[in-house]
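S.K.: Sequence first, then the predicted structure:
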Amino acid sequence: MSVNVGNLDAIAVDARQRISAAADEATLNQLRIDLLGKKGVLTGALRGLGSLPADQRSAAGARANALKTEIDQRLNARRQELEQNRLQGLADSEWVDVTFIPEAAVSRGHLHPLTQALTEITAIFSRLGYEVALGPEVEDDYHNFQALNIPEGHPARDEWDSFYLAQGGWLLRTHTSPVQIRFMEAHQPPIRIIAPGPVYRHEATDAGHESQFHQVEGLLVEEDIRMSDLVGTIEYFSRSMFGAERRIRISGDHFPFTEPSIGAAVSCGICQGTGCGSCKGGWLEIMGAGMVHPQVLRNGRIDPERYSGFAFGMGLDRIAMLKYNIADIRRLRESDVRFLRQF
Ligand code: DAH
């Protein structure tokens with residue numbers, strides 16, 4: 001090809017047109033090769049410069065070099081332009097607006113702390129072979145009192161002041177102990193049950209007392225059962241429920257339906273047993289218990305000559321309060337989600 005300035009002008013017009021018409025990056029890359037590459041149009045023209053007459057050579061060389069720079073700049077400018085357009089197009093479709101605030105998530109809720117505590121208690125005793133037994137919340141005087149060695153007029157009745165129904169001598173059970181009798185009436189040993197459920201007391205409400213609360217009763221009747229079995233069971237329960245480092249304290253107590261009777265306490269997890277505002281001298285009482293009174297076994301149609309057993313009863317609300325550090329029993333029944341959400 002013969003090279004002259006007019007020729008270069010034609011290359012320039014053609015190059016400008018093709019660059020501004022290029023619609024994507026691949027086309028631009030190909031154009032760069034076609035125009036500026038080793039075998040490109042402009043490169044070929046530059047190579048032909050040597051054959052020009054000397055008086056034209058420098059003018060054509062300057063023109064060709066200027067054109068090379070111009071094409072390079074136009075290719076870059078068009079590339080940027082295409083990128084801008086691409087981003088613009090994305091704004092409406094693919095872009096994520098990071099300033100968007102999602103609506104508050106719907107909270108899922110969870111089990112009530114009393115249910116959580118009972119689930120855990122049930123799991124612990126089921127590992128020891130206990131099953132769950134239930135009894136009626138409306139009881140008769142015989143099962144709630146008499147069969148448990150609390151005859152009419154017995155002073156112990158004062159401890160279990162109940163709500164009486166107007167007819168039929170029915171009352172709202174004051175404890176879960178009547179389930180012991182009902183279960184023994186229907187089953188012979190071996191017996192291993194826990195009996196959870198609501199109980200009712202006619203009493204004024206304060207931070208430690210409610211007229212309705214929950215107990216978990218336990219009863220084990222087999223051959224050759226001793227106090228040491230009871231103590232071991234309490235220790236296993238308390239460590240599983242409150243932590244392996246907890247100690248237990250067993251002290252004498254009195255219940256008409258057990259002989260001997262004991263009270264069990266667990267060392268305070270806040271002061272580690274040294275004594276603080278949350279405990280009584282380093283201890284927290286968790287249950288009443290004892291060896292089942294022979295007459296109570298007899299009332300349940302079980303032969304006390306052959307079988308012996310132990311029983312225990314604990315306040316579920318109290319256990320939950322100890323476990324989750326709840327100071328006021330009334331919170332457990334208020335259904336205030338700001339409180340319940342914490343557990
Ligand atoms: N029923 C008793 C109460 O309500 C608690 C209790 C104490 C249950 C000793 C028992 C027991 O089974 O052996 O205070």
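M.R.: Yep, that arrived. Only a predicted model underlies this, so the values are computations on that prediction, with no experimental measurement involved.

S.K.: only C-alpha atoms for contact and neighbour calcs from this point on.
M.R.: Will do.

S.K.: Is the residue nearest in space to the middle of the chain in a helix, a strand, or coil?
M.R.: Closest residue to the average C-alpha location of the chain: residue 110 at 7.5 Å, with Cα atoms, centre = their mean. Under DSSP: H, G, I helix; E, B strand; the rest coil, residue 110 falls in the coil class.

S.K.: Just the pLDDT for it.
M.R.: On pLDDT, residue 110 comes in at 91.

S.K.: All the helices of this protein, residue numbers only.
M.R.: 5-21, 25-36, 41-47, 54-92, 113-127, 141-144, 178-186, 227-242, 294-299, 316-324, 337-340 (DSSP state H).

S.K.: Spell out which residues of the stretch 101-250 of the chain are next to the ligand.
M.R.: The stretch 101-250 of the chain has residues 175, 177, 217 near the ligand, with proximity defined as Cα under 6 Å from any ligand atom.

S.K.: Try it again at 8 Å.
M.R.: Where the stretch 101-250 of the chain comes near the ligand, counting by Cα under 8 Å from any ligand atom, the residues are 159-160, 174-177, 180, 215, 217-219.

S.K.: In PyMOL, how would I select just the buried ones from those?
M.R.: For the buried members of those, the matching PyMOL selection, counting by 16 or more other Cα atoms under 10 Å, is:
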select buried, resi 160+174+175+176+177+180+215+217+218+219
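
S.K.: what ranges of the protein fall below the confidence cut-off?
M.R.: 1-6, 91-95 (pLDDT under 70).

S.K.: picking up where we left off before, what's the closest of the helices of the chain to residue 275?
M.R.: Closest of these to residue 275 is helix 316-324, at 15.0 Å (criterion: Cα to Cα).

S.K.: Pull the contacting residues for residue 220.
M.R.: 190-193, 309-311 (Cα atoms under 8 Å, 6 or more residues apart in numbering).

S.K.: Who wins on neighbours among those residues?
M.R.: residue 309 (27 neighbours; other Cα atoms under 10 Å).

S.K.: which residues pair with it across the strands?
M.R.: residue 221 (DSSP bridges).

S.K.: shouldn't it be in contact with residue 228?
M.R.: No - the pair residue 309 / residue 228 is not scored as a contact, 11.2 Å apart, by Cα atoms under 8 Å.

S.K.: about what we covered before: out of the contacts of residue 220, name the ones that lie in strands.
M.R.: Members of these lying in strands (criterion: DSSP state E): 191-193, 309-311.

S.K.: Could you let me know which of these ends up closest to the ligand?
M.R.: The ligand lies nearest to residue 311 out of these, by Cα to the nearest ligand atom, at 4.1 Å.

S.K.: How much space separates the closest one from residue 222?
M.R.: Plainly put, residue 311 is 12 Å away from residue 222 if you go by Cα to Cα, to the nearest Å.

S.K.: which residues does the residue of the stretch 51-200 of the chain found nearest the ligand contact?
M.R.: Closest residue of the stretch 51-200 of the chain to the ligand, Cα to the nearest ligand atom: residue 175 (4.5 Å). Each residue near residue 175 by Cα under 8 Å, 6+ apart is listed here: 144, 160, 199-200, 215.

S.K.: Next, format the residues you listed as TSV and append distance to residue 260.
M.R.: Listed next are the contacts of residue 175 as TSV, based on distance: Cα to Cα, whole Å:
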residue	distance to residue 260
144	20
160	20
199	24
200	26
215	21
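
S.K.: Next step: these restricted to strands.
M.R.: 199-200, 215.

S.K.: ok, how many other residues are close to residue 273?
M.R.: 18.

S.K.: who's in contact with it?
M.R.: Neighbours of residue 273 in contact, by Cα under 8 Å, 6+ apart: 267, 281-283.

S.K.: Could you give me the ChimeraX syntax to select whichever of those residues are buried?
M.R.: To isolate the buried members of the contacts of residue 273 in ChimeraX, using 16+ other Cα under 10 Å:
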select :267,282,283
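
S.K.: from the contacts of residue 273, which is closest to the ligand?
M.R.: residue 283 (18.0 Å).

S.K.: tally of neighbours for residue 300?
M.R.: When neighbours are counted by other Cα under 10 Å, residue 300 comes out with 20.

S.K.: Over to residue 286?
M.R.: 20.

S.K.: Who are the contact partners of it?
M.R.: 263-266, 314-315, 318-319.

S.K.: quick check: domain ranges of this structure?
M.R.: Segmentation of the chain into domains, based on automatic domain parsing, reads 5-93, 113-340.

S.K.: on that earlier part again, would you turn the residues of the stretch 101-250 of the chain next to the ligand into JSON lines with distance to residue 343?
M.R.: Below are these laid out as JSON lines (distance: Cα to Cα, whole Å):
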{"residue": "159", "distance to residue 343": "32"}
{"residue": "160", "distance to residue 343": "31"}
{"residue": "174", "distance to residue 343": "28"}
{"residue": "175", "distance to residue 343": "27"}
{"residue": "176", "distance to residue 343": "26"}
{"residue": "177", "distance to residue 343": "29"}
{"residue": "180", "distance to residue 343": "32"}
{"residue": "215", "distance to residue 343": "20"}
{"residue": "217", "distance to residue 343": "24"}
{"residue": "218", "distance to residue 343": "26"}
{"residue": "219", "distance to residue 343": "30"}
